[in-house]
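Asks: have a look; sequence and predicted model below, questions after that.
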Protein chains: 4
Amino acid sequence: MSSARDDAHAQVGSEDVTRWWSTAVSDIEPGVIRLRGYPVQQLIGGASFVDLIWLMVRGDLPTPSQSALLERALVAAVDHGPQAPSIAAARMAATCGVGLNNAMATGVNLLGDVHGGAGQQCMDLLAQVVGRSDVPLEESVADVLSDLRAAGRYVPGFGHRFHPKDPRRDPLLAAVQDQADAGLVGGEHLRAALEVERQLSAGRARPVPMNIDGATAVIYSELGFDPELGRGLFVLSRSVGILAHAWEESGSGRRIKGPIPPPLLPAYSGPPPRDVPGVSRSAS
Amino acid sequence: MSSARDDAHAQVGSEDVTRWWSTAVSDIEPGVIRLRGYPVQQLIGGASFVDLIWLMVRGDLPTPSQSALLERALVAAVDHGPQAPSIAAARMAATCGVGLNNAMATGVNLLGDVHGGAGQQCMDLLAQVVGRSDVPLEESVADVLSDLRAAGRYVPGFGHRFHPKDPRRDPLLAAVQDQADAGLVGGEHLRAALEVERQLSAGRARPVPMNIDGATAVIYSELGFDPELGRGLFVLSRSVGILAHAWEESGSGRRIKGPIPPPLLPAYSGPPPRDVPGVSRSAS
Amino acid sequence: MSSARDDAHAQVGSEDVTRWWSTAVSDIEPGVIRLRGYPVQQLIGGASFVDLIWLMVRGDLPTPSQSALLERALVAAVDHGPQAPSIAAARMAATCGVGLNNAMATGVNLLGDVHGGAGQQCMDLLAQVVGRSDVPLEESVADVLSDLRAAGRYVPGFGHRFHPKDPRRDPLLAAVQDQADAGLVGGEHLRAALEVERQLSAGRARPVPMNIDGATAVIYSELGFDPELGRGLFVLSRSVGILAHAWEESGSGRRIKGPIPPPLLPAYSGPPPRDVPGVSRSAS
Amino acid sequence: MSSARDDAHAQVGSEDVTRWWSTAVSDIEPGVIRLRGYPVQQLIGGASFVDLIWLMVRGDLPTPSQSALLERALVAAVDHGPQAPSIAAARMAATCGVGLNNAMATGVNLLGDVHGGAGQQCMDLLAQVVGRSDVPLEESVADVLSDLRAAGRYVPGFGHRFHPKDPRRDPLLAAVQDQADAGLVGGEHLRAALEVERQLSAGRARPVPMNIDGATAVIYSELGFDPELGRGLFVLSRSVGILAHAWEESGSGRRIKGPIPPPLLPAYSGPPPRDVPGVSRSAS
């Protein structure tokens, strides 16, 4: 019976076990903490928190201009109010008797493909446009938009449910343009996004401007992040708002906060009252 | 530098590693799955799902009467509507582009000390009452209630925010009474809970009847479960409602469902508009 | 400034708010709890826990044979040991100072497309095979397998990392066969799965038998569940094992249990030690 | 039946609903995003990410020296390797077919009272020491330590499982000392923590130095944060490491990564093989 277990012990030593958990992110030994090779005691004071974010996910420290651009994107997305399900869920969690970390995890868990993934999808779109060096930008964008339309899909990163124009768009794009003018970033993802915006708005009474997901996607793309990391960086940024809201709610003294105030009750749209077959009505 | 790592490999073999993950719950080898010693192929068809719940957390199969009582408690608590934050959060999650498992985890994560813990706390209270064999029940209950009052705390398991009388109370307590009459359970936790209810309601216009947490606490206590498992069993039960609601919402086609319908906006109670120091107003 | 808020209040009344949370699952009012129209007090004692699972996600009570088949699938999948990341994560969580519900949520959260989704994907595959009434089963299966192979994808629900033959396969399939023979289920999904198994194993030294995901996918498909619910039902089942393991670990007294026992340390594969630019070495 | 619902609609208008979700954190209207009163477009470029963290949880922007001290604490705690259950769980999640946000939530969810709460508890301890102005510091610390010893509890924030001396201690405390010398922080929490360290180490061969939780607790306390926010800030910091590790693992191509490498199997410590009563052995 236990021969499978014994055989395994013979084949696999503890070196294999520690290799199973191998990492290039950090090197921890008694008295030693190195992050991507750098001693943590040098990083404390020697690097900013935004530098650390870059270092940890990219493997090397950013230049000052890279760090500055990343910082703007992180600042821009910290919060969009309790109307967002991630924030609302974290606030409700804070009234349920769980730790602040659990409330934060609840909010983060909701930043999925639809709620937190538009930036990542916009980065994919921009990469697709920029990747076509064979045709002019205008044509490349038209093709991509036509494909999306044919598939009946949204154009991620453009338009907003209620902001006619997202106030975060202009300062973010202006910062990218400045760095592009100075040769600090390539600028091709910015140009691609502006062309998408132009084509989407052409001939419409109400334009379809880039939203926060689109504008941060431009920044993350210009900085060379993988699209999936776009989601991760958004999570780091929005975690700040999630914390602020969970903390505010935990100070309210409310217990088991539901989505709507009592005595309001959710409407009911199901079958009318009925009896369980075989159970005498007196049981009710 | 790597001597700490080398020393560790010398001291700790792969047997220590598999022992680190040692368990008495299940025994898995190639071609073999035994749960608490029983071959899974015998359990399939040979035991009910409720039997399995008991087996897995208690270590042995229940008697038919134990299984029947546990089943009633599990049935009773499956759902209490989207007004509950756990259900609301799971429904919102289902519109955010995450898996059904992530939506369920979101709901379960909210069943904390306040939202899901009253049953566990009521079990602790009943254990405290029953544990005092030196004084009559009436006195033991009076002492415990007096302590809670002095500490300014709720009496967990009694009263309800909006049910004048919880419809689940009577059928659950009747089932316990039947088993107590038949000598299948001891009945002392039932008697303790009824005495708490009597004393809480004495002299009040509106009685304070046992709620679902109290009634299931009686069952779990009579069946010998540890109080903390009371929470675990409640989670298993409520997971059914969480799944049903998340699934219903995922069929609605809504995206990023917030707590209140648009165009409603959360009220704002913070500081009035102001400028960031040192930033020229033209930036806005 | 607040005109948007005022306008919203004028357009949207509290009826719209309660409709936003409308549900057909349960009807909760003071003194009333009805699940899919049935009074909860009749369901307690009048329906099994498995009946409730069916009722809540399907909207109506199952027949006894439907309930029996569902019960076997739920029993079969409760646990597969701490080697599974969902179980390991829940056990580690239980040592970190969070509630049992948080530990369970941690495990459930990991049952994603890869870890918990094979059943759902197998249901999609079986639906695709069964949906082609124009060609013989053999051809329909061959086409579907050929498409998967061309896409470089796994065949979900078949083969296992270490069980040469999953001990849960036979009793589950035998139960379906019995119900098919008695005309209680159609049997077409069973036949489709067996044909997939036959074709996958043809000409191989080591057969590729159906695993637990495949065998439960057959049951859920025969019972008419939506594929996405396959995941949900698996989560309910595996939650039992997650609870049992988290509970066992919480009794161990361990604090902050890592994946490998101390003093073992994860291997490090990153850059060698280096200095942070511009930081004097004395800082280290 | 629906009179409870109708009454509720009569009593509660949509203004009450938006007030239920009232917040002082952010003010969102069409075209407007203000965080704590500041227009987001001024904050982008006008404030650092660390400033935003302070602003969001405290309500006002920090001074440059406050921001600098907070930044060091946030940098210091970003990662401590995959040995930590939060990191290990996030890495395993990343191989299970869930989103990067779900993997991050999994890690954050584990930063509970034991794994992520020592800093918060140390802040409580320092507040207790500092709050006693009636006795000399030495006596106040002795009393607090004596109480902890009597209760059989750890002294949170001091000592480490394997760092003889945590390399993050000195640079963090030096930064606080510098600001105390310059009159930028009061310094009383630093003095309290150093006295705790002194008394804990007195007469021992191996000293019990402050660890990362203790050193960051000093900073957060000196900066006037509520102890519970100590946990929240730690979560923000460690989320960076959680992201980096989840991202690294997602690039490994592994599927369903367990805690130990195959073919190792967890040890089994439960009852020996046995038959389910009433099931014929042929069933196995």
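Replies: Nice, thanks for sending it over.
Asks: what mean pLDDT does stretch A:29-40 have?
Replies: Averaged over stretch A:29-40, pLDDT sits at 96.
Asks: which residues are contacting that stretch?
Replies: For stretch A:29-40, contacts defined as Cβ atoms under 8 Å, 6 or more residues apart in numbering or on different chains pick out A:24-28, A:43, A:47, A:52, A:55-56, A:59-61, B:1-2, B:4-5, C:265, C:270-276, C:284, D:76, D:78-80, D:162-165, D:167-168. Placement of C-beta: from N, CA and C, glycine included.
Asks: which of those residues count as buried?
Replies: Buried positions within the contacts of stretch A:29-40, assessed by neighbour count (16 or more other Cβ atoms under 10 Å in any protein chain shown), are A:25-28, A:43, A:47, A:52, A:55-56, A:61, B:5, C:265, C:270, C:276, C:284, D:76, D:78-80, D:163, D:167-168.
Asks: which ones among the contacts of stretch A:29-40 map onto helices?
Replies: Among these, DSSP state H puts A:43, A:52, A:55-56, B:4-5, D:76 in helices.
Asks: from those residues, list the ones also adjacent to chain C.
Replies: Within the set of those, contact with chain C (Cβ under 8 Å from any Cβ of the partner chain) is found for A:43, B:4-5.
Asks: make TSV out of those residues and add distance to B:Gly251 and pLDDT.
Replies: Putting those into TSV (distance: Cβ to Cβ, whole Å; pLDDT from 0 to 100) gives the following:
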residue	distance to B:Gly251	pLDDT
A:Leu43	49	98
B:Ala4	55	87
B:Arg5	52	89
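Asks: my guess is A:Ala4 meets D:Pro263, correct?
Replies: Yes. Assessed by Cβ atoms under 8 Å, A:Ala4 is found in contact with D:Pro263 at 7.2 Å.
Asks: if we can go back for a sec, closest one of the ones next to chain C among the ones in helices among the contacts of stretch A:29-40 to chain D?
Replies: Of all these, chain D sits closest to A:Leu43, with 5.7 Å by Cβ to the nearest Cβ.
Asks: and the longest helix along chain A, does that touch chain B?
Replies: Identified as the longest helix of chain A according to DSSP H is helix A:227-250. No. Between helix A:227-250 and chain B, judged by Cβ under 8 Å from any Cβ, nothing touches; the nearest distance is 9.6 Å.
Asks: which residues are in contact with whichever residue of the stretch 1-150 of chain A sits closest to chain C?
Replies: As assessed by Cβ to the nearest Cβ, chain C sits closest to A:Ala24 within the stretch 1-150 of chain A, at 3.3 Å. By Cβ under 8 Å, 6+ apart, the residues touching A:Ala24 are A:36, A:59, C:268-271, D:248.
Asks: hmm, stretch A:223-234 touching chain C?
Replies: No. Judged by Cβ under 8 Å from any Cβ, stretch A:223-234 and chain C are separated, with a smallest distance of 14.7 Å.
Asks: what are the boundaries of the strands in chain A?
Replies: Using DSSP state E, the strands of chain A run over A:26-29, A:32-35, A:38-39.
Asks: got CSV for those, with distance to D:Val135 too?
Replies: CSV is the format used below for the strands of chain A (distance: least, Cβ to Cβ, whole Å):
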stretch, distance to D:Val135
strand A:26-29, 40
strand A:32-35, 37
strand A:38-39, 40
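Asks: out of those strands, nearest to C:Glu222?
Replies: For C:Glu222, the closest of the strands of chain A is strand A:26-29, at 49.7 Å, according to Cβ to Cβ.
Asks: name every strand pairing with that closest one and say which way it goes.
Replies: Using DSSP bridges, the strands paired with strand A:26-29 in its sheet are strand A:32-35 (antiparallel).
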